[in-house]
Each structure stands twice: as C-alpha cells, then as structure tokens.
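*Asks:* Got a predicted structure here, sequence first:
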Number of protein chains: 4
Amino acid sequence: MEFELSDRCQELRERLLQFMDEHVYPAEAIYREQLLGSGRPHFHPPVMEELKQRAQDLGLWNLFLPHPDADAGAPGLSNVDYAPLAEIMGRSHIAPEACNCAAPDTGNMEVLTVFGSPDQKERWLRPLLDGEIRSAFAMTEPAVASSDATNVEMRIEREGDEYVLNGRKWWTSGAMRERCRILIVMGKTDPDGPAYRQQSMVLVPRDTPGVQIVRNLPVFGYVDPEGHAEIVFDDVRVPAANLIGNEGDGFLISQARLGPGRIHHCMRAIGAAERALELMCARASARVTFGQPVAARSNVQDWIAESRIEIEMARLLTMKTAWLMDTVGNKHARTEIAAIKVAAPNVALRVVDRAIQVHGGGGVSDDFPLAMMYAHLRTLRLADGPDEIHRRSIARHELRRAAPAPAEARV
Amino acid sequence: MEFELSDRCQELRERLLQFMDEHVYPAEAIYREQLLGSGRPHFHPPVMEELKQRAQDLGLWNLFLPHPDADAGAPGLSNVDYAPLAEIMGRSHIAPEACNCAAPDTGNMEVLTVFGSPDQKERWLRPLLDGEIRSAFAMTEPAVASSDATNVEMRIEREGDEYVLNGRKWWTSGAMRERCRILIVMGKTDPDGPAYRQQSMVLVPRDTPGVQIVRNLPVFGYVDPEGHAEIVFDDVRVPAANLIGNEGDGFLISQARLGPGRIHHCMRAIGAAERALELMCARASARVTFGQPVAARSNVQDWIAESRIEIEMARLLTMKTAWLMDTVGNKHARTEIAAIKVAAPNVALRVVDRAIQVHGGGGVSDDFPLAMMYAHLRTLRLADGPDEIHRRSIARHELRRAAPAPAEARV
Amino acid sequence: MEFELSDRCQELRERLLQFMDEHVYPAEAIYREQLLGSGRPHFHPPVMEELKQRAQDLGLWNLFLPHPDADAGAPGLSNVDYAPLAEIMGRSHIAPEACNCAAPDTGNMEVLTVFGSPDQKERWLRPLLDGEIRSAFAMTEPAVASSDATNVEMRIEREGDEYVLNGRKWWTSGAMRERCRILIVMGKTDPDGPAYRQQSMVLVPRDTPGVQIVRNLPVFGYVDPEGHAEIVFDDVRVPAANLIGNEGDGFLISQARLGPGRIHHCMRAIGAAERALELMCARASARVTFGQPVAARSNVQDWIAESRIEIEMARLLTMKTAWLMDTVGNKHARTEIAAIKVAAPNVALRVVDRAIQVHGGGGVSDDFPLAMMYAHLRTLRLADGPDEIHRRSIARHELRRAAPAPAEARV
Amino acid sequence: MEFELSDRCQELRERLLQFMDEHVYPAEAIYREQLLGSGRPHFHPPVMEELKQRAQDLGLWNLFLPHPDADAGAPGLSNVDYAPLAEIMGRSHIAPEACNCAAPDTGNMEVLTVFGSPDQKERWLRPLLDGEIRSAFAMTEPAVASSDATNVEMRIEREGDEYVLNGRKWWTSGAMRERCRILIVMGKTDPDGPAYRQQSMVLVPRDTPGVQIVRNLPVFGYVDPEGHAEIVFDDVRVPAANLIGNEGDGFLISQARLGPGRIHHCMRAIGAAERALELMCARASARVTFGQPVAARSNVQDWIAESRIEIEMARLLTMKTAWLMDTVGNKHARTEIAAIKVAAPNVALRVVDRAIQVHGGGGVSDDFPLAMMYAHLRTLRLADGPDEIHRRSIARHELRRAAPAPAEARV
C-alpha cells in the first residue's frame, strides 16, 4: 500500500488551494451580496464569471472529466487523482461551479461524452464544457421511491420522429438556475419490457412547451441558488434525435453516471467537514467562557479529536473506492460505493453539528456556513436512495459471502 | 406516586385537543399562504386573529399564567397542570400564539405580573394579556457567552430621571414582528457592584429613538415570523419609571423568568416530537418500497420504538420537574431544570431526524413541518446556555453529593 | 401527577438503606472470601444466613410479595411501593437474596401463591418464603428462540398419574445453587392444541432421576454463584399433582409471571447504575491526572451529567409502569413493560461503561463491582427476549394507533 | 495512492490463512480442553507447541520482527507488510503465540534487538525468538495514572554493581505464565533529573528473590492464561549489566516500543471484529424467528452493514499509520497512532456487541468467542492510556494547526 498522492494530483492540489485562498473564499461574501442584491433567488452573480475565467486561466477547469480533452481544458484525471481536488472544492459552496465541476453538470457532461451523438455533443456538451450554460437531471419522482429505478412512472412515447413526455419529477436540481438550458430526463419508453430495459433518457431543452416548473423545493428553509424543481411534463415533444443512446439504455446510463458522482459528493462532503473542523478549532480558541478558552475544555477536545479521526477514516474509504473504480471498475466497487454513500455524509453531519454547537447562536444563523452545510449534507442521506437502501445492499453482499456457522464457532 | 393528570388539566387538555383538530391544524396552511402572500416575512396573518378569538371564547387563553386573573381569562394553572397543555400547543408552530401562550411574551408577562409597577402593568401587561401587542426580551449579546449573565456588556446609566442604554443585543426573539411594541432589556447599571447585583432590566418601547434593528438572524434558512433581531442601542433614553423592580434586580428577575420558560420550551419540544412520531408512523404505513410498507421494516420499527421510549422518558422528567417547581420551588428544582433543558431538545431532535429520514425528500423540504421543527429545536440546544453549561452544573451538583471512594468499593 | 413516595415506602426505604450501609456493603467482601475460600463456585456463604436473619428481624423480608402474608413477614406492597426498594437491593449483588427478594425465586413464589395447590404451597412455597431452599425456572431452550413461547420443544406427557418430561433447557438460572431444591419447568402437554394452550408448567424436584445438569454457562467469564444451567430432562417422572394449575395454563402463567419480574429487573438495574454513578463520582474526585482531579474535566462531567439524566428518566418510566400495573393491570401496561425492558438495561450499561472508563484498569478487574455489573446487565438485553422483540412490539402498538397521513401534514 | 498489498505480504497472508483454517481454528477447542483439564489457569497446553512447530515449518514465525534475522526465521517485514498478518492472527486468541508474535514478547524482543547488549541478547532475546520462554513488561502502577510516564514511582537504585528495585506494578501481562522467565521493568533511577530522563529499564528474571506476585487480575470474569499480575518488588537485586541501554533511557525506549505495539493491537482488534462479523452473518443466516431468518431483518442488516463500513475504515486508518511509520517514522506518525488507538478498539467493541446481540444467550457465554473478545477489547480502551488521553493529544495537535478565526468565516 502507498498513501502518497501522485505528483500530478499534488501539483493541482496546491494550485487549487492557492486559488481557494486568493479568489474563492474572498468571493463568498461578494457572491452572497450580489445574489441577495438581485432579489432573484436563482440569479447568476457576476463574480462567478470572474472566478470561472480565473480557474480557466489557471488550468483548474473541467478537472472532473475522466478523459483528457484539450479543447475543454480537461486534464483527464483518474478518480484517485480527482478525488482530493473535489474535496477541496467541497470547502466552499461556490468553488465547484467556479471550476466547472458542479453537479449535476458533471454527471450530465460525462453521460454526453460517453453516450452522446456527435450532434448532441456539439449542441449541449460543448457549451456545458465551456461553462456557458447549465443543465439539470430529472430522475426522482414524488409519487414513488426514487431509490428503485424500476418505479419510474414518467412516460416517453415515440410518435413519428418525436418523443412525447408525460409525468412529474421533483428534486430536479439545477433546473431553477437562470442559465439552465437543458434537462436530461429519465422515463419509460417500454413499460412492459424487461425490468431494466424499460427506461430511456432524452434531452429536453428547458424552454420546450409543456415543461412546467411547478415550484422550487426549499431545504431546511434555504432556497438554494441552483434550485430543486418540481416539474410537470405535459405532452412535451422533442425530436427523436434527442434520445441518448438507444431505447432501453436508461437504466444502464444511470448506473454509469452514479459511481463517479458519489465519489464527488462524498469528497465534497469531506471537504465541508474539514472546513467545519477548522472553524470549530478557530472558534474554540478565540472564545473564552468561565475564564478559559473553550478549546481548553476536554469535551470540546473530544469533539475535535473524534472529528479528526472520523474525517480521516471517511476520506481513506472514499479514496480506496476511487482507486477500486480506477482499477477494477465501478461495477466491482459497488459495495464500497454504497459504503461511502452512507459513511461520508454521516461523518460530515456529525462534524458540522459539533461545530455548530461550538459556535452558539452564530452556528445556526448565516454568520458562518455551518447551518447551510448541515442542511445540504442532510439531503445527501436521502438523495440517490436513503442510507437504508445502501446498508441493505452492503449487508446482502456480506451475507452472501458468509458461510453457515462454522464448526470452530464452539471454542 | 400518581401519574394521573388532574381533572382540571384533563378537561382543558381535551378542549385544547379539539381546538387543535378543528381550528389550528386546518389554519396552518392558511397562515402560511397569508404570510407568503403578504411578501412581508414578519407580517401578522389575519387568520391568527380568528384563532385567538376562538381560543378566548373557548377559555383556552393565557393558560400559562400561574396566578388566576379573571380579566385576562387566565385560569391560574400550576406548572404540572399547564405542562401537558404546553405540549399540545408545541405540536403546531401557530398554536402558542393562538392561545396567547407564546414565548417570549409568556416570560415577559410573568415578569411584569410579579415585578411590574401598577403603571407598567397598565401600560404593557394589560395589552399583552389581551393579545393586542407583542413583546421581546433582549438579553443575549453577540460579543460574549450568553450563558454567563455576569458577562453582559450593555450599559444602562441613570441620567436625571432617565436611563440611557448603550450596547448591542442579538437573538432578540420576537422583535421583528410588526406587532411588537415593547422590549425588556437586560443591562448593567452598576458594572462595579457585586457580580449578581450589577444587572437591571428596563422596559424600552420598540419605537424609542436610538433602537436600531440591524438585521434579522435566520435559523438554518428560515426567516421565522417572530424574527431574531440583532439590535444596536445607541443612546436610547427611557423614563426612570421604566425600570423593572429595583436597580440590581436584573439577575434575580432573569432567574425567576427562566424556570417556567424551560418547562414550556421542553414540553413544546415534546409536543413537536409527538407530532413527528405520528407523521413518521403515518408515512411508514403509507409508503411501499420493494413490495413492502416501510412500516414493516424492522429498522424503521426500531426507530419508532426508540422514539416512543425516549419521548415518554423526557416527558416524565419534565413533568416531575414541573411538580418540583410547584412543590419545592424553582430554586430547589435547579438540577432538574438543567436536566430537561438538555434532555428534551436532544430527544426531540433525534425523533424528528428519524421522521425526516422516513419522509425522504419531502422531509427536508417544507411539504412537512419536520425540517422547520428540526431547525427550531436545534436552537434550543444553544439558547439560554448550551447543553454543556447545563451538563456542567448537573455534574457539579452530583459531585458535591458524592463522598470519597467508599471502603466497600473493593468487593 | 404526584411524584412523592408513599409514607410506607419511604419508611421501608430508609430502613433498607440503613441495612445496606450497616450490613450488606460490609458483607460483600466477606461473602466473596467465603465463596472463594470454599473452592465451590455455587457454595452458600454463611454470611448470607446472617444477613437473612437480620433482614427478617428488621421486617425487610419478602417485600416483593404483592399480597400481605403475616407468616411470611410480607407486608404486601404494591408495585409502586416495592419498586424503589428493588432499586436499592439492586445496588449490591448480595442484597436481593438477603431480603428473600431474589430472582427467580420471587417469580416462582408468586406463581405458587396465585396458581399453586394447597399441597404445592405447603411443600414448596413455604420453605421458599422462609428462605430455607431456593428454586429455578426452566423455560429457555438452546435450540429455539426463547422470545417466542410457542417455540418451546420440551415435552411433558401424561402417563398414568405421572408426567414424563423430555427435552433440553439452558439459562436455567439458580439451578446450580447447592440449596436449589425445585424447578418450575415449562413444556408442551398438547403440541397440537391452540398455539397458546399447548404449554403447561410442572414442579420438578431437582434431585428427580433423569434431571441431568450438563454444565454451567459462564457470563463474560463469570461463574455466577446462582449459576445458569444447561439441563437435559431424560424421561423425568413427577406425580401428576405437580402440575401447576391446569394443562394448557403454561403460557398464561408465564405471562403473569413476567410483568412484575421486569419491574424488579429494571429497578435493580437502575440501582446498579446509581451505584456505578456514585463510584464514578468518587473516583473522579479522588484521581488526579495532569495536575487536576479527573472530576474537573468537562468530558467526565458530561458523562456524569448524562448518567444522572438517563437514570432519572429510566427510573420515572419504570415507576410509571409499576403504577400502571397497579391501576390498570399488567395486560394494559404491556407496551410500557416492553419499553422499560429495553430502556433500563441500556441506560445502566452506558452508565457502568462510563464508570469503568473512569476507573481505568481497576474498572475491568474485580477491584470494583463494575465489570461484574456490566456482564450481568448485558444479559438483560437478551433474557426474556432481546431488545429487538420488545421494540418490535412497541412499534406495532404505535403503528396501530397511527392514522393514515393526515391532510394537515402539508403545511 | 495504491491500495494493493505487496506480493510478499499477499503470499504470506495466504499461507497464514491456510494455517489458520487447517491448524489454528481446529486447535482452539483442544487448547481450551487442555487448559481446563490441567486445573491450572496459566498452564501451557501442549497443543500450542505443535502449532508453534508447524508455524516454524511454514515460515510463519517471528513475522513481527522488523529486521530480517535468518536464525530467528524472521523475514523482516515493514509495518505495512506485517499489519495484515497481525490482523489475521487477531482472529484467534491462540494464533499470535503460535507464530511467536504475541504481546508483550514482541515489544520486548524489539527492545532487546535494538537496545540490548550482546550478553542480554544471548541470554534473553535468543530463547524468546526461539519461543522457548516468555516474558512480561512491568510498567503500569496501581497508585498513579499509567498514561503519564513521569508518574512512575518504582525506584531503581544503583548499589555497587547491582540495581535494587522497590515498588509495585500491576497489569503486568504475561507474568503469570508458567513459561515466563524474564520481566522488563520500568522505574526511576534519577527521580530528580529532567522529567523524561528519570526513567530506566532493567531486566529482572522472574525468579529473583523479592519479586512477589501478589495476585492475578481478572478481566471481567476471565482469568486470562497469560495473566495480568500485580507484583511487589521488595529489595529486588539484579546485576548492573541488566540495565537496558543507559540510565535515563527508559522513557525513550518505552516510546520506541509503543508505536509498533499499537499497530499490532489495533490490527488484531480488527481481526477480532472481522471474525465477529463472520459469526454474526452465519448466525443471522442460520437462526429463524417469527418465520424468517434473522438475516432478513433490516435492523440486523443495518448492523452488518455498519460493521462492514466501520471495520473497513478502521483498517484503512491503521494501514495508513503503518505506512507513515515506515516512511516518516513513529515520531511523525504520533497523531495517527493516537487516532487508531482510539478508533480500532471502539469499532471492534461495537461490532462484537452487535454480534453478541445476534447470538442471544450463546453470545454472552463461552459457546462463542464473542464475550471473551469483548472483555479483552474493552481493556484496550484503557491500556497504554485511556481514550481520553489520546483524544486530548489529537485535539491539541489539531488546535495548534488552526489559525485564528479567518475573515472568510463571515460568508
């Protein structure tokens, strides 16, 4: 075993850390002011364009894209090399977009890279890679358990050279953004086919007639700039050429999309936890109660130590999972992917909650990014299937490996 | 021991439950619509006035007030008799105001009842008891640990027949309401006096020149209708007659105010937990995944059972504390008051978090009251001193009781 | 509600506390020496007979028996009045036997009092009440889940005027004692009858031919003086008159036996937790590390405070359950009985574990009673059905009460 | 990063796994029978000599020794290569001795290898490496907190060409073994010197006059075969040549001894946890309650999944720590060593406790190795300093790294 980061990763990491210090952190307050000042919750603050330009100049652009693409400025990093960078971006809620590494665009760009037709790439992938537009991914539905893809009720029917979509989606993250232009929509083209060949994905421009954004879903009171839309698709018609891959490929594509996305989410969660731990230490050192800095109290020291231990463990498990995906492939890393999906958000939530407690009233308000982090991290225990689904699949895997009670049990 | 509720309490409880079912729950959505429709976050929705009128008609008004007051419609209940009613009101965020039993008015009304001059009672207590105005309590300060009253930095200086206030407060709950008219402000009249005689409380009309509301503090992403204000007091002048009690009584009054307030907060937290548990059961019964209602899963059953057990235990401890306050007084119930301050919010947070998990995406949005409950309950682990302060005082009490290691220890 | 103990309970409580201080605690070391000195793990140390005599003289005898019995010295206490006394006895592992209030004799005596024939009472109940012999209860079987009485495989067949028993039991607590004379054995007389009428109970003298004690089961390495026997019944014949009640009454009797037994177990667990907390405080005060008593550390203070809070809550829930059993009967207190069966041992384990941690190496050895307490308490999470069974029944009860998702849910 | 085991490690791992399956597990019951049959708790069961011979033949001998030693059969593995083998040995309480990799001999052999004189090596190291004798390490003292080496009270005084030892030690593990011949004793040669130069270590043959073994300390109820001795040293005289290194080197040597020891302990703890998880899965699959295998219950599935996740994370953290020790040295891996000292035993305790719960009564008895594992693992949270000491040092390290609250905190 070898726990050193590669030289390439190490070099990018340092460049990115410097970018964070010099540009991203100072821009957080400006971003917020411009957002609030606009009076529009899904406004695109101009400071973001400055950050994006800077990231492009520094070669910190499209780092997530696994295949090198000179036009897109993408170095083509492995999961193991990208993961530590995703962690750093996770420290600030504006960093991923600044580097064009924000969900759900990353997953969408990957889908289009791998499964898109030349025309689809030209029309949608190119501007996404260039950071000119944004996108959304419409999969989850309010009426059914989203953790089970076979439950999808959205209908996609072929009529002539068009597909007609009817159904309702929610938690379509990113769809509220003013710059969002395109949705990838999962639905059923063949509801009577084999369970995992019923689904297809199609590209739906957001301004297509019949796409009705019903409302935005807040998260613990927050109206996230990207938004989480509830959308009704009412006889929405798109050209047949908007199908991604072939009819029936929907489930397969969704699976391919998930693996790297989970690494990204988990590493960003760990980055958020690291920042929360930093804030906790700083606050505990600065705050004096009963004649003693809070940092001198052994209960707070226990929280700090537990946070450090848990973060280290969650990071290592995520890195090992990234390495497995690079070496044996997403499919054979399934159990590990499920494990980090459970472990990382839970660890991060515990760390952030302790940090909130150390910050007192400031911790639950927006004087610090902690409450917002907590709200966002809490959704990760539900998105793409709740913890319970992933624990269940880990347990089933474990039980299959287990032999019947061995004779040696009676010692 | 005897665990039956008194006939009087039982009768009021049934009446209140019926009021909740018939009027309060149905009004929740209307309240929200009127609030959102107004475009003003601290607007007073008209439906609240209807609820208040109904509560008065039903004799469900000022139930919190420990001394009977015919004019105020207050039956004068003991803590033990009021606590189960506070629990029921805690089930809905609009119920306490509907019954004129909402913080911080309750504490303020009690302070004025016990310590107010006849003129103060006439001018402020009467309209508060009648539900015509609202009030706020300005105690916590951003620069110092609010858990230690001796830290207060607000200055209250006597000049002629006036008091002049200078300082900064935050988390002044209720001050943002459009109907808020009066603040009770804690500050130091004698910063060099004995530690617990430095503080005084004065009444400050909210429209007094020099009272500058700097901003509202959100809780997680919620802008609570009552608001949590950060306020600068800049040479604020009030008549000397606005002093509550005598100079130096501030700490004493704040202590007297705290005890019942904690019972109320804890019982409302338990009420919120009960509602969350109800919602969890209903959702688990209605939701089917992998061919089975979620309620049939043993992990969810464990959550339901643990929630039931923890709620029962927290309620009993709170009720015992209420009984102690009624029988031996707040001072001798100090340790128990500290215990429920820790136990009830933590229990409620665990229950609500489990309920959120069962609700999936709906749980973190505002389709259900769960995320809002969670955010509010999380503040209770910080308000009036964080958990750690209360655990510390419980431990010190316990350690004082403990003798040195007894000889019998070596068995 | 009223949380005062009755005068009668209060008076007995003080007498019992004095007995503990003056006689029981000082006898713990003697008991142990006599036991070890004998070289026989199930030896009856003579000091126990002295304690028993003293308890009888002081009127602290057979306190558990719900019906007054002058001959037996039993005052006939309600569950609410007995529970606080059981708690005190739980502080020392030798106290229950000293007061003739030790399991499983208590349950057996109660069964014989209620269901025994005059002859059975004369022959077995009398010497048990007099503390002359001990007994055991043979219910659990190694091959089947003991939490489900319908699983019992032991056969009890009528042949002429005898019953013939065949089967295997384990965890028959008390059967290893040298003074144990009689077993109450649960088995099936009618395996094809209705599910809850198949079982019967019979009295089996321990020296009956065919009763083969296979081995004693240790608990975390401890060979408990009472012993937990694995017993094979091989064509064991007893007179038909040894049947308790009627054929088919077994399940019914076992249910009646369980309720009060659980109160006793839980209150003793709480007593053990109280003693562990006392030891923890004493040790933390006496031990100095890094120039400071351990008791001054805030993490240890948190443990002490959490222990105090959890003990108080578990005690109140147990007392409420005792009160319910006294007022509405065991059957209607079923859910609460299940709740304390889960809550009390888990609380006590947490408290004892914290106390062990504060005691360092002494805590895991037998310099203090903590490791032994832990081992014993750990079995309570399994005996009479594991936690999971009880949580399941609480959840099912809760789910039955829950209506479908109410309309008001969407606020 | 690279998570593959080296070829050398992989090859030894497979050989060791085969040895476990073919020889060690089958010998567990024999070992126990021979031990019990001897009537001597610290007897050396003959089957162990057979296992040792087999291990030597297979090249599975002295694997722990970091420097290759052909005479000793030691391959000279790095920490990273040895750790996975320590894990496997941790699966059975008899495996470490079978491979001559048992504590405290490993640490003692390492100390003698690095710091021993040629004569000390000849006389004590050689027979230890050959598995002919055993040893003990006398460091902890009952009167003082063992986590602080400066507290040691044992006196070692030079008189002529002898050292004279006076003091009391406890938890001297291994000293009760019949084959134990030599103790390494830590004491103070210069109590007035600089804090970390007061201590020295000397070799004391166990049969030296004045070495009085007072008693064995049980762990929970277990009398471990190796024993944990309380020893009084009463004017114990050894030749001056028995000093290890120089006077004043004691603290330094103890630090050097600790690092690898902790890796070994932690990896063995993880091995124990793995075996407990296997047993849990096997039992859950085999046991049917309420018409369903226990393994089908989602709460048990959650336990299995959490166990898998926690074990993976603790293992990775331990492996990374081993790698750091190999690459940057024990001193720079201090924080990580502290972290695994906390993490691994706590993870293992949780896993074993869940396994006990699934096993019911069998879990707390000795039908399965679970209760014994639990008792042993519980001591690891105390030995070499309790969790709290290690958390404290992690937190202080973290706080030193933290800057004062950064400006960016106010977002």
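*Replies:* Sure thing, it's come through. Residues are numbered from 1 along each chain as shown, chains lettered A, B, ... in the order given.

*Asks:* contacts, neighbours, all on C-alpha from now
*Replies:* Will do.

*Asks:* My reading is that A:P127 lies in a helix. Confirm?
*Replies:* Yes: under DSSP: H, G, I helix; E, B strand; the rest coil, A:P127 falls within a helix.

*Asks:* so A:H44, which of the three states?
*Replies:* Reducing the assignment at A:H44 to three states with three-state DSSP gives coil.

*Asks:* and it, what does it touch?
*Replies:* A:35, A:177-179 (Cα atoms under 8 Å, 6 or more residues apart in numbering or on different chains).

*Asks:* Equivalent analysis for A:M139, please.
*Replies:* Contacts of A:M139 (Cα under 8 Å, 6+ apart): A:146, A:152, A:169-170, A:172, A:185-187.

*Asks:* so which of the residues you listed comes closest to chain C?
*Replies:* A:W170 (16.1 Å; Cα to the nearest Cα).

*Asks:* so which strand or helix has the closest residue to that closest one other than its chain neighbours?
*Replies:* Nearest non-adjacent residue to A:W170, counting by Cα to Cα, 6 or more residues apart in numbering or on different chains: A:E230, 3.9 Å away. For A:E230, the host element (DSSP states H and E) is strand A:228-239.

*Asks:* Show me what secondary structure element comes after that strand.
*Replies:* Using DSSP H and E, the first helix or strand after strand A:228-239 is strand A:243-244.

*Asks:* For that following strand, which helices and strands make contact with it?
*Replies:* strand A:199-205 (3 or more Cα pairs under 8 Å, 6 or more residues apart in numbering or on different chains; DSSP states H and E).

*Asks:* so how far does stretch A:102-120 reach from one end to the other?
*Replies:* End-to-end distance for stretch A:102-120: 20 Å, by Cα to Cα, to the nearest Å.

*Asks:* Who are the contact partners of whichever residue of the stretch 1-150 of chain A sits closest to chain B?
*Replies:* Relative to chain B, the nearest point of the stretch 1-150 of chain A is A:A145 (6.3 Å; Cα to the nearest Cα). The contact partners of A:A145, taken as Cα under 8 Å, 6+ apart, are A:151, B:288-289.

*Asks:* just to revisit the earlier point, highest neighbour count among the contacts of A:M139?
*Replies:* Neighbour counts for the contacts of A:M139 peak at A:G187, which has 30 neighbours (criterion: other Cα atoms under 10 Å in any protein chain shown).

*Asks:* Relative to chain C, how far out is the residue of the stretch 1-150 of chain A closest to chain B?
*Replies:* To chain C, A:A145 is 17 Å away according to Cα to the nearest Cα, to the nearest Å.

*Asks:* Can you name the helix or strand that that residue falls in?
*Replies:* Taking DSSP H and E as the criterion, no element holds A:A145; it sits outside all helices and strands.

*Asks:* tell me the two of the contacts of A:H44 that are most distant?
*Replies:* When Cα to Cα is used, the two most widely separated members of the contacts of A:H44 are A:L35 and A:R179, lying 14.2 Å apart.

*Asks:* my read: the residue nearest to A:W170 touches A:P218, true?
*Replies:* No: A:E230 is not in contact with A:P218 according to Cα atoms under 8 Å; the separation is 10.9 Å.

*Asks:* can I assume A:N299 is in contact with C:W303?
*Replies:* No: contact criterion Cα under 8 Å: A:N299 and C:W303 do not qualify, at 9.7 Å.

*Asks:* Which positions in the stretch 251-400 of chain A make contact with chain B?
*Replies:* Neighbours of chain B within the stretch 251-400 of chain A, by Cα under 8 Å from any Cα of the partner chain: A:288-290, A:357, A:360-361, A:364-366, A:371-372, A:375, A:378-379, A:381-383, A:386.
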